[in-house]
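K.L.:
how would this look folded up:
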Amino acid sequence: MPGPTTGGGGSGSLPSPAETATLPAGAELVEAGITPLVVANEDFYRIDTSIIAPSVDAASWRLRIHGMVDHEVTLSYADLAELPLFEQYVTISCVSNEVGGNLVGNAKWTGVRLREVLAMAGVQAGATQLVGRSVDGWTAGMPTAWVMDPAREPMIALKMNDAPLPRIHGFPARLIVPGLYGYVSATKWLAELELTTLEAFDGYWIPLGWSKLGPILTQSRIDVPRNGQHVQPGRVAIGGIAWAPDRGVSRVEVAIDGQWQDAKITTPISKATWVQWLVAWDAAASGNGSHTIEVRATDGTGVVQTADQTPPAPDGARGHHTIRVTVG
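P.N.:
Now for the predicted structure:
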């Protein structure tokens, strides 16, 4: 059995995944200025409460599964490595992301099925909340029903974009739960999984005023052109990304001075990932040359992203990303 990897480029390797993930044809759009379909580890956003990221020794690290279970289980890194590994692309986002913000990213994650690990302990029927606890004591709580729903595949991730989890992204193991904001799910430096009830425990951010439930909202962003940019008359690329994990994105529309039109969207990798989108605009200088550009997405269930604006607190920012550009 291979020895444990270490974060930040240590020696050793995990077994090859039993199930691999590939990009479908048409999934990626290459256009200057548009966010890459898969964000490199070094460019991926980081949000956590640790001033200095914990440094965890994989050889001595343990994951404890306890609480409302039939029997407590403790697993080592080597134990996890013996389980069938699989890959999936998942877009994750921070609830504090402003409309048009960059606290969102898409990556390929490799790890083990969270439900398979929980089954080892035997989740009791009354357990309505799963709490992830970090080595530094940080906690996130999510509904057990969300985790157990076969429509999605929550995981304990051990790799990120084919590399061992970087230290700042949670080495040696972290939770990736499609469709939930990170503050209620994406526990880095995972140390414990506790089964309890929704009423019995509040994760770290809940007493600070954030919503107990954290489904990711349908959101979209304009990457190019930039707000306030001067562009030359002629063909101008308007493009960006849109996401609604884990409902998927079925349509993206762009309004130029209030006139909506469909954007070209890339083939979705899955319902759990963002898409890229593009509109070719024939920009003509007229009047004062100032134009307003706005974007909205429709999720996989047919619900259109709301234009009503809200701040990130308590459950995510709403509204259409809108910019102004000048032609000429």
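K.L.:
residue ranges with poor pLDDT in the stretch 201-328 of the chain?
P.N.:
Where the stretch 201-328 of the chain drops to pLDDT under 70, the residues are 286-288.
K.L.:
can you give me the strands for it?
P.N.:
219-224, 230-231, 234-243, 249-256, 259-262, 264-265, 275-283, 290-299, 322-327 (DSSP state E, counting those that start in this stretch).
K.L.:
helices or strands up against the first one?
P.N.:
When contacts are defined as 3 or more Cβ pairs under 8 Å, 6 or more residues apart in numbering; DSSP states H and E, strand 219-224 sits against strand 234-243, strand 290-299. Every residue, glycine included, has its C-beta placed from N, CA and C.
K.L.:
quick revisit: what's the closest of the strands of the stretch 201-328 of the chain to Ala27?
P.N.:
Set against Ala27 and scored by Cβ to Cβ, the strands of the stretch 201-328 of the chain come closest in strand 275-283, at 8.3 Å.
K.L.:
for Pro172, which three-state class applies?
P.N.:
Three-state secondary structure (criterion: DSSP: H, G, I helix; E, B strand; the rest coil) places Pro172 in coil.
K.L.:
centroid residue for this structure?
P.N.:
The chain has Ile92 as the residue nearest its centroid, 0.6 Å off, counting by Cα atoms, centre = their mean.
K.L.:
any idea which element that residue lies in?
P.N.:
Assigned by DSSP states H and E, Ile92 falls within strand 86-93.
K.L.:
right, and the helix or strand after that strand?
P.N.:
Per DSSP H and E, the first helix or strand lying C-terminal to strand 86-93 is strand 104-113.
K.L.:
need the CA coordinates for that next one. PDB is fine.
P.N.:
What follows is the C-alpha trace of strand 104-113 in PDB, where atoms were taken according to Å, rounded to 0.1, in the frame of the first residue of the first chain:
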ATOM      1  CA  VAL A 104     -15.700  31.100  -6.100                       C
ATOM      2  CA  GLY A 105     -13.700  28.500  -7.900                       C
ATOM      3  CA  ASN A 106     -13.900  25.200  -9.800                       C
ATOM      4  CA  ALA A 107     -11.500  22.400  -9.300                       C
ATOM      5  CA  LYS A 108     -11.100  18.600  -9.800                       C
ATOM      6  CA  TRP A 109     -11.200  16.900  -6.400                       C
ATOM      7  CA  THR A 110     -10.100  13.400  -5.700                       C
ATOM      8  CA  GLY A 111     -11.100  11.500  -2.600                       C
ATOM      9  CA  VAL A 112     -13.500   9.100  -1.000                       C
ATOM     10  CA  ARG A 113     -17.300   9.100  -0.800                       C
END
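K.L.:
would you map out the domains in this protein?
P.N.:
What the record gives for the chain is the domain set 41-208, 219-327, from automatic domain parsing.
K.L.:
sorry, back to before: looking at the strands of the stretch 201-328 of the chain, which is buried most?
P.N.:
Between these, strand 219-224 has the highest mean count of neighbours, a mean of 24, where neighbours are mean count of other Cβ atoms under 10 Å.
K.L.:
return the list of strands paired to it, each annotated with direction.
P.N.:
If you go by DSSP bridges, strand 219-224 pairs up with strand 234-243 (antiparallel).
K.L.:
other SSEs contacting the strand holding Ile92?
P.N.:
With contacts defined as 3+ Cβ pairs under 8 Å, 6+ apart, the packing partners of strand 86-93 are strand 104-113.
K.L.:
list the helices and strands the strand it packs on packs on?
P.N.:
Strand 104-113 sits against strand 86-93, strand 155-160, strand 234-243, with contacts defined as 3+ Cβ pairs under 8 Å, 6+ apart.
K.L.:
nearest to Asp57, of the strands of the stretch 201-328 of the chain?
P.N.:
Judging the strands of the stretch 201-328 of the chain by Cβ to Cβ, what sits closest to Asp57 is strand 234-243, at 35.0 Å.
K.L.:
tell me the angle that closest one makes with strand 322-327.
P.N.:
Inter-element angle recorded for strand 234-243 and strand 322-327: 170 degrees (by axes from the mean of the first three to the mean of the last three Cα atoms, to 10 degrees).
K.L.:
quick one: residues contacting Val99.
P.N.:
Listed by Cβ atoms under 8 Å, 6 or more residues apart in numbering, the contact partners of Val99 are 219, 309, 317-321.
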